[in-house]
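Visitor: Next one to model:
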Amino acid sequence: MLGSRFPPFAQHRGASVRLLALLAVAAAVAGMGCGDAPEAPDHVARVGEQHLRPAEVRAALASLPAGADSAAARRQVIRQWTTEALLYREAQRRGLADDSAVSARLEASRRSVLVNALVGRLYDEAADTFSTEAMRTYYQRHRQALRLTEPYVRVRHLSTAAAADAETARRRLRRAGGQQQQDTADTTWAALTRRYAADTSRARRLAERLRAEPSLFADQPGVGEQLAALDPGEPAPVFRAGGRFHVLQLVERVPAGTVPEFAWVKDEIRRRLLLRRRKQTYARQVERLRSQARASGALEERGQ
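Guide: Residues are numbered from 1 along each chain as shown. As a prediction, this is how the structure comes out:
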């Protein structure tokens with residue numbers, strides 16, 4: 001999104017990546033299945049009355065990146081869960097929950113979880129729709145603060161497994177014209193993505209609007225390097241990266257420091273307005289609770 005790069009909201013590969021992925025998946029299920037479940041025949045692991053169910057493992061593995069060893073990840077998930085369950089069981093056997101320091105920490109955690117849950121509910125209750133008029137008013141008042149903090153680009157990009165298909169797509173795109181014939185090129189591009197793109201929806205989305213150039217192809221560094229060398233207009237020669245053949249054209253590049261048009265930043269404006277509305281909702285609710293507690297004598301603040 002354009003908005004994620006605007007002030008003041010400035011926001012892996014190989015064996016090491018696979019290891020990190022497995023550890024992340026394992027950590028995701030470390031707390032699963034820890035509740036008592038006397039009747040749980042459908043489980044993949046059990047420690048006493050604690051059960052780890054297949055659905056919980058599947059949920060953890062859903063975030064596994066493409067190419068990772070799912071069997072190894074599943075073993076890691078189960079082993080991590082059983083380790084946590086064994087330690088939890090031993091802590092209970094030793095009566096650590098009755099230790100005053102531990103008990104205080106458990107209560108603090110419980111309080112934090114409940115408060116965060118309430119704040120989440122308050123945020124969810126804040127309407128997330130805004131009129132175009134309200135968004136345009138915000139844009140007019142904050143245009144200078146919305147300046148781009150990095151270059152943005154609009155590109156046409158598709159990848160395909162066949163070199164001949166990529167060459168055909170590039171040739172047809174080139175014939176459709178450059179910056180002076182955008183309507184024709186856009187129509188041609190829509191047809192080309194349907195016919196040749198490995199991921200049609202992604203190819204279409206990329207061509208629809210400006211996006212932050214530095215992060216656009218973060219997951220495909222070979223494509224990002226090609227893009228950095230392009231000027232708007234002529235499609236790049238077909239090149240191979242990541243086991244596929246790529247067609248790439250830079251349609252437009254907007255330099256950092258540019259004041260964006262309204263259409264470019266609608267999503268960012270909506271995000272900022274929602275953030276402001278949530279803060280206002282939070283403040284009103286806290287003040288309401290404070291007033292009620294004062295009136296009932298439940299609130300005492302010394303030194304105020």
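
Visitor: what comes up buried for stretch 64-75?
Guide: 64, 68, 73-74 (16 or more other C-beta atoms under 10 Å). (C-beta placed from N, C-alpha, C; glycine too.)

Visitor: Likewise for stretch 241-257?
Guide: The neighbour-count check on stretch 241-257 (16+ other C-beta under 10 Å) flags 241, 244-251, 253-254 as buried.

Visitor: Likewise for stretch 88-104?
Guide: Buried residues in stretch 88-104 (16+ other C-beta under 10 Å): Tyr88.

Visitor: average model confidence for that stretch?
Guide: Mean pLDDT, computed over stretch 88-104, is 93.

Visitor: what about it, start to end distance?
Guide: 17 Å (C-alpha to C-alpha, to the nearest Å).

Visitor: Over to stretch 124-142?
Guide: Stretch 124-142: ends 26 Å apart by C-alpha to C-alpha.

Visitor: ditto for stretch 119-139
Guide: 28 Å.

Visitor: Could you single out the nearest of the buried residues of stretch 64-75 to Glu49?
Guide: Using C-beta to C-beta, Arg74 is the member of those that sits closest to Glu49, with 22.8 Å.

Visitor: which ones are touching that closest one?
Guide: Counting by C-beta atoms under 8 Å, 6 or more residues apart in numbering, Arg74 touches 57, 61.

Visitor: So it: helix, strand or coil?
Guide: Under DSSP: H, G, I helix; E, B strand; the rest coil, Arg74 falls in the helix class.

Visitor: Quick check, pLDDT for the residue of the chain most remote from its centre.
Guide: Distance to the chain centre peaks in the chain at Gly297, reaching 44.7 Å (criterion: C-alpha atoms, centre = their mean). pLDDT for Gly297: 92.

Visitor: again, but for the one 5 residues further on
Guide: Per-residue confidence for Arg302 comes out at a pLDDT of 81.

Visitor: any idea how far Val47 is from Pro65?
Guide: 29 Å (C-beta to C-beta, to the nearest Å).

Visitor: buried residues in the host helix or strand of Ala101?
Guide: Assigned by DSSP states H and E, Ala101 belongs to helix 100-125. For helix 100-125, the neighbour count (16+ other C-beta under 10 Å) marks Tyr123 as buried.

Visitor: what packs against it?
Guide: helix 266-296 (3 or more C-beta pairs under 8 Å, 6 or more residues apart in numbering; DSSP states H and E).
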